[in-house]
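**Q** based on what follows, work out the 3D shape:
(chains A and B)
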Amino acid sequence: MSKQKKMTLSKKQNLTGWVFLLPGALLIFIMSFVPMFRALLLSFKSGVGAKMAWSGISNYVRMFQDTVFVQSVKNTFFYLIIQVPVMLILALILASILNNKDLKFKGLFRTMIFLPCATSLVAYAIIFRSLFANNGLINLLLVNLGILDQPYAFLTHTTSARIVIIIALLWRWTGYNMVFYLSGLQNIEYSVYEAAKIDGASAVQSFFKITVPLLKPTILLTAIMSTNGTLQLFDESVNLTNGGPANTSITMSHYIYDMSFKYVPNFGYAAAMSFLILVLVAVLAFLQMKVGDKRD
Amino acid sequence: MLDGTANIVNNDTLKIVMETYKSLKDAGVLTEVNSWDEYVGDFVSGNVAGTINGCWIMASIQTAEDQKGNWAITNMPSLVGASGATNYSNNGGSSWAVTTKCANPDLACDFLASTFAGSNELYDNILPSGALATWAPAGDSAAYGEPSEFFGGDAVSAKIVDFATKVPTNITGAYYYEARNAVATAITNYINGSDLATELQTAEQTVNFNMGQ
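**A** So this is what the prediction gives:
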């Protein structure tokens, strides 16, 4: 009783705040952090199905000897290195075009470019698969226009299968990143551009000297998010190409799924591979922050 | 193989299978598709003359009402040059098992023996929903002898049960999907011009790697 009387108003308010935070924090802890910790423990075990035994770091050694997993790492980095820069540059260009005050039907264009983000990952992957099928729309167009003599099997050739995945990803995610840039551009005074125009700066110059430097924090954010998303790529690999031809388009997450639910399950090994993705994401995000963020 | 080891590199039958598959594909006899909907679409739209598959594909074939009477079922061509090759094969299916943890194994065995392994009535009842038996006596019933209009008035159900009795047995093992994916990778690479022996070597290594956990 005497203790409570000593409490100041701010202390009381702080306590109330913590009480409100507690349920959410507890749920996140139980639903997210506990499973993550359990998965870490699991990654040091090995065995078939539920029969697991401690095996030290054998799972982590094993994944570097696993040719299919190494192939999946290479594939994922192929997507990352090509798709992320192309997508971010495209998004940046689109955002600057749509930020123009004199442009008509801006809302319509914005909606159209953002709309792909509202589609389900599985649905759009299946649509791209049928578009690029042997008797799909793309082949139909190419043959009828006389560009090809007979349909090209896009999804049974390594390079074209990977390109189709990249095109699909660009279609799905460019608008999403563009919205971040558009909102970032709202914070840049339009008068800055007008001043530059009066000083004789061209559109290209003001893009590189004003837009890009001032948007740097947003670019950093989207780069980290896209890297994270690409390293965890799953739906496109499963639904669009099914990892084929001959595992040359399979992603890390797809292989982890196969290892857990399609093959004789080895959850310890699958958990270890998942932690490699976590490490890769963390390292790449750290590097990007070091390179991109010059604020002290 | 029977002892649970992978039999890929020294498997002469598999080599003939892969060579035959490649020559059929190169000659344009087989058409290659990327997905299940493309596969079904190809025979429903009449792009292909036939398909080799388990009897469960009949349901998809019969969705093409306009092709009624044009389809027929026959046994498959045997693999030339492979020893012990027959005109019969199997793809898919399921099994019934009584586990060691079962509280009353005798009752469970008796139940299975008097239903799935002994009741023509049961099989006649589930036939209209598409469940075809491979239990040989089921094929003798009147329901199985019913002619199918779609397949040109042939008694297809009885025919398939008869085929099923001639299918040689094989052991797939627990690592069936690992082996299947590894061999599929090898076939794809072989079709695209890779050396057959090297691809089989890689496939066996992959399967052995997956089994050695």
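
**Q** which stretches in chain B count as helices?
**A** Ranges of helices within chain B are B:12-26, B:36-44, B:58-61, B:105-114, B:120-126, B:142-145, B:156-164, B:176-191, B:196-211, based on DSSP state H.

**Q** can you list the ones you listed in JSON lines and add mean pLDDT and distance to A:Ile277?
**A** No exception for glycine: its C-beta is placed from N, CA and C like everyone else's. Formatted as JSON lines, the helices of chain B follow (pLDDT from 0 to 100; distance: least, C-beta to C-beta, whole Å):
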{"stretch": "helix B:12-26", "mean pLDDT": "91", "distance to A:Ile277": "35"}
{"stretch": "helix B:36-44", "mean pLDDT": "87", "distance to A:Ile277": "29"}
{"stretch": "helix B:58-61", "mean pLDDT": "88", "distance to A:Ile277": "38"}
{"stretch": "helix B:105-114", "mean pLDDT": "92", "distance to A:Ile277": "44"}
{"stretch": "helix B:120-126", "mean pLDDT": "86", "distance to A:Ile277": "45"}
{"stretch": "helix B:142-145", "mean pLDDT": "85", "distance to A:Ile277": "53"}
{"stretch": "helix B:156-164", "mean pLDDT": "88", "distance to A:Ile277": "46"}
{"stretch": "helix B:176-191", "mean pLDDT": "90", "distance to A:Ile277": "21"}
{"stretch": "helix B:196-211", "mean pLDDT": "89", "distance to A:Ile277": "20"}
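
**Q** mind putting the ones you listed into JSON lines with mean neighbour count?
**A** As requested, the helices of chain B are arranged in JSON lines below (neighbours: other C-beta atoms under 10 Å in any protein chain shown):
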{"stretch": "helix B:12-26", "mean neighbour count": "14"}
{"stretch": "helix B:36-44", "mean neighbour count": "16"}
{"stretch": "helix B:58-61", "mean neighbour count": "16"}
{"stretch": "helix B:105-114", "mean neighbour count": "12"}
{"stretch": "helix B:120-126", "mean neighbour count": "16"}
{"stretch": "helix B:142-145", "mean neighbour count": "15"}
{"stretch": "helix B:156-164", "mean neighbour count": "20"}
{"stretch": "helix B:176-191", "mean neighbour count": "19"}
{"stretch": "helix B:196-211", "mean neighbour count": "18"}
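
**Q** of all the ones you listed, which one comes closest to chain A?
**A** Chain A lies closest to helix B:176-191 among the helices of chain B, at 4.0 Å (C-beta to the nearest C-beta).

**Q** one step back: export the helices of chain B to JSON lines and tack on distance to A:Ser274?
**A** Shown next, in JSON lines, are the helices of chain B (distance: least, C-beta to C-beta, whole Å):
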{"stretch": "helix B:12-26", "distance to A:Ser274": "34"}
{"stretch": "helix B:36-44", "distance to A:Ser274": "28"}
{"stretch": "helix B:58-61", "distance to A:Ser274": "37"}
{"stretch": "helix B:105-114", "distance to A:Ser274": "39"}
{"stretch": "helix B:120-126", "distance to A:Ser274": "42"}
{"stretch": "helix B:142-145", "distance to A:Ser274": "50"}
{"stretch": "helix B:156-164", "distance to A:Ser274": "43"}
{"stretch": "helix B:176-191", "distance to A:Ser274": "20"}
{"stretch": "helix B:196-211", "distance to A:Ser274": "18"}
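
**Q** quick one, strands of chain A?
**A** Counting by DSSP state E, chain A has strands at residues A:45-46, A:53-54.

**Q** contacting residues around B:Thr206?
**A** If you count contacts by C-beta atoms under 8 Å, 6 or more residues apart in numbering or on different chains, B:Thr206 has them with A:67-68, B:178, B:182, B:185.

**Q** report the two of these separated the most.
**A** Farthest apart among the contacts of B:Thr206 by C-beta to C-beta are A:Thr67 and B:Glu178. That separation is 12.9 Å.

**Q** got the contact list for residue 87?
**A** Because you didn't say which chain, this covers chain A. By C-beta under 8 Å, 6+ apart, A:Met87 lies in contact with A:169-170, A:173-174, A:177, A:226.

**Q** hmm, no, I was thinking of chain B.
**A** With contact set as C-beta under 8 Å, 6+ apart, B:Asn87 has these partners: B:75-78, B:166.

**Q** low-confidence ranges, chain A, go.
**A** Within chain A, the stretches with pLDDT under 70 are A:1-5, A:293-296.

**Q** ok so, going back, so which of the strands of chain A is nearest chain B?
**A** Of all those, strand A:45-46 sits nearest to chain B, with 6.1 Å by C-beta to the nearest C-beta.

**Q** who does that closest one pair up with?
**A** If you go by DSSP bridges, strand A:45-46 pairs up with strand A:53-54 (antiparallel).

**Q** ok, and the closest non-adjacent residue to A:Val192?
**A** A:Ile210 (5.9 Å; C-beta to C-beta, 6 or more residues apart in numbering or on different chains).

**Q** wait, isn't the one you found in contact with A:Lys197?
**A** No - using C-beta atoms under 8 Å, A:Ile210 is not in contact with A:Lys197; the gap is 10.5 Å.

**Q** point to the residue nearest the middle of the chain.
**A** Picking chain A for this. What sits nearest the mean C-alpha location of chain A, by C-alpha atoms, centre = their mean, is A:Gly229, with 1.8 Å.

**Q** meant chain B actually
**A** Centroid check for chain B by C-alpha atoms, centre = their mean gives B:Asn91 as the closest residue, at 1.3 Å.

**Q** any idea how far that residue is from B:Arg180?
**A** Going from B:Asn91 to B:Arg180 by C-beta to C-beta, to the nearest Å gives 11 Å.

**Q** tell me, how many residues neighbour A:Lys290?
**A** A:Lys290 has 9 neighbours, counted by other C-beta atoms under 10 Å in any protein chain shown.

**Q** about what we covered before: so what's the residue nearest to the centre of chain A closest to, chain neighbours aside?
**A** Nearest non-adjacent residue to A:Gly229 (C-beta to C-beta, 6+ apart): A:Trp173, at 7.4 Å.

**Q** for that neighbour, list the residues it contacts.
**A** A:87, A:116-117, A:226, A:229.

**Q** right, so the strands of chain A: which one is the most enclosed?
**A** Across the strands of chain A, the average number of neighbours (mean count of other C-beta atoms under 10 Å in any protein chain shown) peaks for strand A:45-46, which reaches a mean of 20.

**Q** need the nearest residue in space to residue 135, chain neighbours excluded.
**A** Here I'm looking at chain A. A:Pro151 (6.7 Å).

**Q** could you do chain B instead?
**A** B:Ala117 (6.4 Å).
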